[in-house]
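Colleague: With the sequence up front, the predicted model follows.
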Number of protein chains: 2
Amino acid sequence: MASILALDFGGTKLAAALVESGSREWLRYERRLSPANADANTDMEIMRSLIASLLQGTIATAIGVSFGGPVDATTGTVRLSHHVPGWENIPLKNLLEQEFGLPTIVDNDANVAALGEHRFGAGQGYDSLFYITISTGVGGGWIINGKSWQGAGGMAGEIGHIVVDPAGPVCLCGKRGCVERFASGPYMAQNAKDILQSQQKQQGGEILRSLVENDLNLITGQLISQAAAKGDKIAQAVLKKSAWALGVGIGNIANLINPQRFILGGSVTKAGETWWNTIQQTATATALPEVSFEIVPAALGDDAPLWGAVALAETLQ
Amino acid sequence: MASILALDFGGTKLAAALVESGSREWLRYERRLSPANADANTDMEIMRSLIASLLQGTIATAIGVSFGGPVDATTGTVRLSHHVPGWENIPLKNLLEQEFGLPTIVDNDANVAALGEHRFGAGQGYDSLFYITISTGVGGGWIINGKSWQGAGGMAGEIGHIVVDPAGPVCLCGKRGCVERFASGPYMAQNAKDILQSQQKQQGGEILRSLVENDLNLITGQLISQAAAKGDKIAQAVLKKSAWALGVGIGNIANLINPQRFILGGSVTKAGETWWNTIQQTATATALPEVSFEIVPAALGDDAPLWGAVALAETLQ
């Protein structure tokens, strides 16, 4: 039986799994947090130890790799990591092929997760879909005509940096009003903090303040969801703006590409029913009446990149 | 030699041509304006007479059709025409196949023009491109992975109705700040008229006013380009906003799909160098620095749908 090695270089964590081709369950699975001062070398060292512990004499036939950052998928070269230094222009595919003597294929995490959901998750049987991950950042991956579409330069899927409000706040990319500027966990936290700090008097926000014991630097996307669920008006407004930005983005994309499904994953998607409903309503209002689509939650959770790496490796066989 | 019949149902005009497969020149070409009170029946009647005059005993092997309106490309059924009544749910492919006994393929004009530019025009040799037509409306057609992409429901390419300014003016589709609301010829005319009518004193616009002899209902997109070229500040501002909206749309699309080329056609693309430069600058500023693309003028002009119909028919052979 052919065994596939699936690797996930995740930015804050490293995961690896071994699976028999055709199976839907891991044969073995390992996961380790990246250390605080990680660089590309320490990440590679940890991944080597995970692989050694997984293989234990099993002979794998291919390696599929999900990398958390831009990748030139044609050569399998990492362009950079936004979280871990030292990954600039590392030929990850070649390194792994030389070290393990196995055919290897590498792509960025959003494309790989899209492939994972298409093959094993919420996208099974759908010929066209856009997978969106909303957590520390906002990114996406395409399945078009049944196949992964990375774009001419491997940069497709950047829903995080499409502009939905040209009069909005400045994003880390330098533009105003990007989807990510409203929708990501850290930016939701910043937006809530900015509102609370600029308050003249108490005008809501008490619940959120009490959750962080008035230390506004402790606000997270997750706490905003909690506060919103408990009725905090400011948390609700911030969460609503996040969903609005995603809804406009999704509606625009529906008009442009008309995929069957949008699949949403990442930590922010646990924000609750109001967030999901606002996305659905805004996207429906933004898309033309003739354009139909579904918005559904991802099915594979944190394992989407690993399962996508399996699907990627299977293309080599 | 196999001959192909290419038909263009254009809303205001009907055109048809006969070409030998592989040739880049029309064997015969016919064109007629749609009468003022045209409906689907009169359009079909005119097209029949064009076809009869083209064929004159030549035996064609296939028919390719460009239709100016939404089409279900899988069945070749017209959904409607926004310009000519009576086209609702007309099975155009079946009608033509029955009448002429030839295999027929039908798609909407933007998709077909994209295919024409890809095969015979500014998109030759490009694996991914987005063709945009900017005239009475704003629409587009995709080539992705070397093939036409119409979307799951045949609605892909609607750049005209993506939102670029949620605080902008209301579009005919009901939303605010769509690309078309700023960029199309008729909307540029309306925007100029609105500015001129709301003027308290003369603050520019004299050149535009003189071109229409103060009858603001006579303003057209073309006259705005003329007035702008002569230094009219209001015409320049309206034209700049058109280019800005298209530039934001193009930059967003570059981030989302990362195609190699954007090909711009339609009457408004004759608006001059400033318009083109503004599009280029805005699109570059909107796209992420890692995302590269080219914006070029269409090469086939008004014949793009007919040449696309040829390319479409060739897929049948």
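Modeller: Happy to help now that I have it. Residues are numbered from 1 along each chain as shown, chains lettered A, B, ... in the order given.
Colleague: CA atoms for contacts and neighbours, from now on please.
Modeller: Noted.
Colleague: And stretch A:258-269, end to end?
Modeller: Stretch A:258-269 has an end-to-end distance of 22 Å (CA to CA, to the nearest Å).
Colleague: got the contact list for that stretch?
Modeller: Stretch A:258-269 is contacted by residues A:122-123, A:126-135, A:144, A:184-185, A:221-222, A:250, A:276, A:291-298, A:301-302, B:150-156 when judged by CA atoms under 8 Å, 6 or more residues apart in numbering or on different chains.
Colleague: And the residue nearest the centre of chain A?
Modeller: Nearest to the mean C-alpha position of chain A, by CA atoms, centre = their mean, lies A:T133 at 3.3 Å.
Colleague: what secondary structure does that one sit in?
Modeller: strand (DSSP: H, G, I helix; E, B strand; the rest coil).
Colleague: my guess is it meets A:G140, correct?
Modeller: Yes. Counting by CA atoms under 8 Å, A:T133 touches A:G140, with 6.0 Å between them.
Colleague: what residues do the two have in common as contacts?
Modeller: Residues touching both A:T133 and A:G140 (CA under 8 Å, 6+ apart) are A:A110.
Colleague: so how far is stretch A:156-170 from its chain's centroid?
Modeller: Centroid displacement of stretch A:156-170 relative to its chain, using CA atoms, centre = their mean, to the nearest Å, is 16 Å.
Colleague: does any part of that stretch sit near chain B?
Modeller: Yes. Under the criterion of CA under 8 Å from any CA of the partner chain, chain B is reached by stretch A:156-170 at A:156-159, A:161-166.
Colleague: The lowest-mean-pLDDT helix or strand in chain A: what's the following helix or strand?
Modeller: Of all helical and strand segments in chain A, the minimum by mean pLDDT, DSSP states H and E falls on strand A:71-72, at a mean of 88. Once strand A:71-72 ends, the next helix or strand along the chain (criterion: DSSP states H and E) is strand A:77-78.
Colleague: still on that earlier bit, need the pLDDT of the residue nearest to the centre of chain A.
Modeller: For A:T133, the model assigns a pLDDT of 95.
Colleague: Could you pick out the longest helix of chain A?
Modeller: helix A:233-257 (DSSP state H).
Colleague: what comes up buried for that helix?
Modeller: Neighbour-count burial for helix A:233-257, with 16 or more other CA atoms under 10 Å in any protein chain shown as criterion, is recorded at A:233-236, A:238-257.
Colleague: do stretch A:18-32 as well
Modeller: A:18-21, A:29-30.
Colleague: Then stretch A:197-206?
Modeller: A:205-206.
Colleague: residues from the stretch 151-300 of chain A in reach of chain B?
Modeller: Checking the stretch 151-300 of chain A against chain B by CA under 8 Å from any CA, the hits are A:151-159, A:161-166, A:173, A:175, A:248, A:251-260, A:285-288, A:290-292.
Colleague: Are any of these buried, and if so which?
Modeller: Buried by 16+ other CA under 10 Å: A:151-159, A:161-166, A:175, A:248, A:251-260, A:286-288, A:291-292, out of these.
Colleague: starting at the chain centroid, how far to the longest helix of chain A?
Modeller: 17 Å.
Colleague: mean confidence for that helix?
Modeller: Mean predicted lDDT for helix A:233-257 stands at 97.
Colleague: any idea of the angle it forms with helix B:233-257?
Modeller: Here helix A:233-257 runs at an angle of 90 degrees relative to helix B:233-257 (axes from the mean of the first three to the mean of the last three CA atoms, to 10 degrees).
Colleague: Name whatever forms a beta bridge with the residue nearest to the centre of chain A.
Modeller: A:G139, A:G265 (DSSP bridges).
Colleague: mind listing the strands for chain A?
Modeller: A:3-9, A:13-20, A:28-33, A:60-67, A:71-72, A:77-78, A:104-108, A:129-134, A:138-144, A:147-149, A:261-265, A:294-297 (DSSP state E).
Colleague: Least confident of those strands, on average?
Modeller: strand A:71-72 (a mean of 88).
Colleague: From the chain's centroid, how far away is it?
Modeller: On CA atoms, centre = their mean, the centre of strand A:71-72 falls 16 Å from the chain's centre.
Colleague: elements contacting it?
Modeller: Strand A:71-72 sits against strand A:77-78, strand A:104-108, with contacts defined as 3 or more CA pairs under 8 Å, 6 or more residues apart in numbering or on different chains; DSSP states H and E.
Colleague: Can you list the strands that that strand pairs with?
Modeller: Checking strand A:71-72 against DSSP bridges gives partners strand A:77-78 (antiparallel).
Colleague: who's in contact with A:V71?
Modeller: A:77-80, A:106-108, A:154.
Colleague: Report the closest residue of the stretch 1-150 of chain A relative to chain B.
Modeller: In the stretch 1-150 of chain A, the residue that lies nearest chain B is A:S128 (6.9 Å; CA to the nearest CA).
Colleague: Now A:L27. Nearest residue, chain neighbours left out?
Modeller: Nearest non-adjacent residue to A:L27, counting by CA to CA, 6 or more residues apart in numbering or on different chains: A:V19, 5.0 Å away.
Colleague: right, and the one you found touches A:R28 too?
Modeller: Yes. Counting by CA under 8 Å, A:V19 does reach A:R28; the two are 7.1 Å apart.
Colleague: Counting neighbours, what do you get for A:N191?
Modeller: 21 (other CA atoms under 10 Å in any protein chain shown).
Colleague: Identify the residue nearest it in space, chain neighbours excluded?
Modeller: In space, A:N191 is closest to A:V238, 6.8 Å off (CA to CA, 6+ apart).
Colleague: Helices along the stretch 101-250 of chain A, start to end?
Modeller: With DSSP state H, counting those that start in this stretch as the criterion, the stretch 101-250 of chain A has helices at A:109-120, A:179-183, A:185-198, A:206-211, A:221-229, A:233-257.
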